[in-house]
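Novice: Quick one: sequence and predicted model below, then my questions.
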2 protein chains.
Amino acid sequence: MIKKERLFTPGPTALHPAVQAAIARPILHHRTDEFRGVFRDCRAGLKTFLKTSDEVLILTTSGTGAMEAALINVLSPGETMLALVAGSFGERWAALGKAHGMEVQTLEAPWGEAVSPAAVADALQKNHKIRAVFVQLNESSTGAMHDVKSLASLVRERPDTLLVVDAISGAGAIALETEAWGVDVVVVGSQKALALPPGLAFVSVSARAWERIEATKSPRYYFDLRREKKAQLEGESAFTPAIAHVVATKAALEFVASIGGVDGLVKNAGMLARMTRAAAHATGMPLVAPRDHGDALTALYAPPGLESGAIVKALKADFASTVAGGQGKLKGKILRVAHLGYYDTTDILGLIATLEIELQKLGHKFELGKGVAAAQAAYLEGARA
Amino acid sequence: MIKKERLFTPGPTALHPAVQAAIARPILHHRTDEFRGVFRDCRAGLKTFLKTSDEVLILTTSGTGAMEAALINVLSPGETMLALVAGSFGERWAALGKAHGMEVQTLEAPWGEAVSPAAVADALQKNHKIRAVFVQLNESSTGAMHDVKSLASLVRERPDTLLVVDAISGAGAIALETEAWGVDVVVVGSQKALALPPGLAFVSVSARAWERIEATKSPRYYFDLRREKKAQLEGESAFTPAIAHVVATKAALEFVASIGGVDGLVKNAGMLARMTRAAAHATGMPLVAPRDHGDALTALYAPPGLESGAIVKALKADFASTVAGGQGKLKGKILRVAHLGYYDTTDILGLIATLEIELQKLGHKFELGKGVAAAQAAYLEGARA
């Protein structure tokens, strides 16, 4: 039987065909006017994507490198940071802070929930030394999202505190108004909603954050955003960029523009998420984040008695579809299905139908087709709205 | 919303990614040892694909050109031919014969049915002048298939009659044992089960047919198979071939080998066809060829009161999926969904789910999800078998 490889993971996501074509073009030299034009177009497009007039820098690194760049540029060793920890990516903020000698304070939420703005307000009130708050827009390990708008409004009341948002997997799937909300630093990865391969990250920096960055004393070289800003305002990166990825980023941004911009991408993810949640309910798979879910992915508990890893393996073996299992304390318990990026209704209906087949084969009792029917009904309701 | 372009038409079909990569390679020159190697590999692979040790020629033409080549090489003007007409492609055999001054006798079946071997036996008995019988393995306009094995056995009893099979859309989706059954000429198109773009056709020729071809008096130049055979035995085509297509054909044949050869491809189409027929039954869409259906495609009548063109348009508008409508006398009445080529279970489940959505939107009364459930059950039954 033919089995087409399909990635339904919350990064890397499926490549857009225009990205595939662009990345395979002959390589440009990065110190040429031709490439500078492409680079400037990308930086302008990324500002539109993040809804900000702040500078957006293009870094050749994976998302974690850009998180580290954000952290060491806004904090000096020994300074106090508050990390909101709602899953394994929240833990990463704390680990990065510790690695660089920061005073790390954490606010934890049970996995599947978000840290509430009220808890953050309380923490900020109690500790005036907090120089920056670090949070995920979307916590990829659980599918929960944080209320970044409310968090930004809290943080902006304090002149000496910055808000740094890991929107690596959230941007383009969950609403984010960088400038209107007043988010100081946003980090985005290429291999998520933008349907690019991994290798690039994008960082927006507010005027307030630039002031801080100029004064920060953390040792930094490759990730020195001052150096990057200077170079990138001239249409170049400080060091050799992943040239083919930059060329492909322009194609990716054109794809996003073609479906109504980032709002179109967010709307698309929202529809697929509603369809998937409806199917989960109909087939008896509880949501990991029933209250705080975002639309970048849906995390589902395996039905009672089933190990989620067995479902992941069966989907791959029988249909060549890859969904993600659980991380950390959710390992073996959950499945994660991506909605961010280049996925459409037909994709998610096909995935739900094959997932039903595997649940049936593994002995879960439910009526075949019910998950698809619920997803179809959600689509029809959404299309009418 | 994101809408991925998906072709579910019985040609052209979806390209295999390895074909896409191969066809985009720098062009080779066709009078070089490198290209001759590729050309020889393709001809050898095509013999395996058609299950024959007969020579298979590669022609740069669409399928109709290869049908014409077959006809004018085995018949001289004024000779008598029998065309089995079970749909619009059967009519094409008759039209080609008339265009070249042949004495055309036809045996017609109602659209949706095949011409029976018994009727052919009777016709052959009554007219000893018939020099060749022309038939479709798969009649793409209705999804009916002919019993080529029985027809070959009838024709081989007559030393002066050849059997010419248009397997353009049938080969790789329906069993075909060219040599074992004794089929004299088989015509295949590139844009069908082999997941290539249109532009090439492949013609196998038996020893018996070569004798005839040497003696035939029809005027011919580009389509002179004698000239092609001479060139192709040396690893070249007589005229400039569609070079990139030939390179891609090698990739396509490697893909076929990777799924167990032509039998794997036929098995795959069979599974998708059974799933689609089950869904058709469950959603109240009668089959066009309930008895004589092949597995290259499924042709379905629109539910009572619906015009099939409206369903085709809606699927394209809402989901960017293209299925074929009806041709000739079935125009506006039927849908045709392809199974030949590079399609998998997830594809067909996604298509059935979106087709259900459109039927619901157009007012057809049925329980949403029932078609998918029937297809899932057919898959599970097939996977157990």
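Specialist: Nice, thanks for sending it over. All values derive from a computational prediction rather than experimental measurement.
Novice: Give me the number of neighbouring residues for A:Lys313.
Specialist: Look at A:Lys313: counted by other Cβ atoms under 10 Å in any protein chain shown, it has 13 neighbours. (Each C-beta comes from the backbone N, C-alpha and C, glycine too.)
Novice: ok, now how distant is it from chain B?
Specialist: Separation of A:Lys313 from chain B (Cβ to the nearest Cβ, to the nearest Å): 16 Å.
Novice: The residue nearest to A:Gly143 when sequence neighbours are not counted bridge partners, please.
Specialist: Leaving aside its chain neighbours, A:Gly143 sits nearest to A:Ala299 (3.8 Å; criterion: Cβ to Cβ, 6 or more residues apart in numbering or on different chains). Partner residues in beta bridges with A:Ala299, using DSSP bridges, are A:Arg336.
Novice: Now do A:Ala299 against chain B, distance only.
Specialist: Taking Cβ to the nearest Cβ, one finds A:Ala299 at 21 Å from chain B.
Novice: Then A:Leu265?
Specialist: 8 Å.
Novice: Please apply the same query to A:Arg212.
Specialist: Look at A:Arg212 and chain B: by Cβ to the nearest Cβ, they are 38 Å apart.
Novice: right, and the residue nearest to A:Gly143 touches A:His339 too?
Specialist: No: with contact defined as Cβ atoms under 8 Å, A:Ala299 does not count as touching A:His339 (11.3 Å).
Novice: more neighbours, the two?
Specialist: Of the pair A:Ala299 and A:His339, A:Ala299 is the one with more neighbours under other Cβ under 10 Å, namely 31 against 28.
Novice: can you pull the contacts of the more buried one?
Specialist: With contacts defined as Cβ atoms under 8 Å, 6 or more residues apart in numbering or on different chains, A:Ala299 is in contact with A:112, A:141-143, A:287-289, A:293, A:326, A:330, A:334-336.
Novice: do the same with A:Lys192
Specialist: The contact partners of A:Lys192, by Cβ under 8 Å, 6+ apart, come to A:10-11, A:13, A:168-169, A:171-173, A:296, A:340-341.
Novice: 7 Å instead?
Specialist: A:11, A:13, A:168-169, A:172, A:340-341 (Cβ atoms under 7 Å, 6 or more residues apart in numbering or on different chains).
Novice: ok, now A:Lys361?
Specialist: A:Ala314.
Novice: can you tell me how far it sits from A:Asp160?
Specialist: Distance of A:Lys361 to A:Asp160, given as Cβ to Cβ, to the nearest Å: 58 Å.
Novice: again with A:Ala94
Specialist: 21 Å.
Novice: what about the two, which has more around it?
Specialist: Remark: of A:Ala94 and A:Asp160, A:Ala94 carries more neighbours, 20 against 11, as counted by other Cβ under 10 Å.
Novice: Any figure for the gap between the more buried one and chain B?
Specialist: According to Cβ to the nearest Cβ, A:Ala94 and chain B sit 35 Å apart.
Novice: Work out for me the element that residue sits within.
Specialist: Assessed by DSSP states H and E, A:Ala94 sits inside helix A:88-99.
Novice: Counting by contacts, list what that helix packs against.
Specialist: Under the contact criterion of 3 or more Cβ pairs under 7 Å, 6 or more residues apart in numbering or on different chains; DSSP states H and E, helix A:88-99 touches helix A:63-74, strand A:80-85, strand A:103-108, strand A:130-136.
Novice: Which secondary structure elements does the third one sit against?
Specialist: Under the contact criterion of 3+ Cβ pairs under 7 Å, 6+ apart, the helices and strands touching strand A:103-108 comprise strand A:80-85, helix A:88-99, helix A:117-126.
Novice: For those, give me CSV that also has mean pLDDT.
Specialist: Putting these into CSV (pLDDT from 0 to 100) gives the following:
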stretch, mean pLDDT
strand A:80-85, 98
helix A:88-99, 97
helix A:117-126, 98
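Novice: what's the most buried one of those?
Specialist: strand A:80-85 (a mean of 24; mean count of other Cβ atoms under 10 Å in any protein chain shown).
Novice: now that strand, how far from the centre of its chain.
Specialist: 19 Å (Cα atoms, centre = their mean, to the nearest Å).
Novice: Just send the helices and strands packed on helix A:88-99 back as CSV, with distance to A:Glu236 too.
Specialist: Shown next, in CSV, are those (distance: least, Cβ to Cβ, whole Å):
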stretch, distance to A:Glu236
helix A:63-74, 18
strand A:80-85, 31
strand A:103-108, 35
strand A:130-136, 29
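Novice: Smallest gap between the stretch 101-250 of chain A and chain B, at which residue?
Specialist: Here the stretch 101-250 of chain A gets closest to chain B at one residue, A:Ala195, 9.4 Å apart by Cβ to the nearest Cβ.
Novice: check which helix or strand covers that residue.
Specialist: Secondary structure (DSSP H and E) places A:Ala195 outside all helices and strands.
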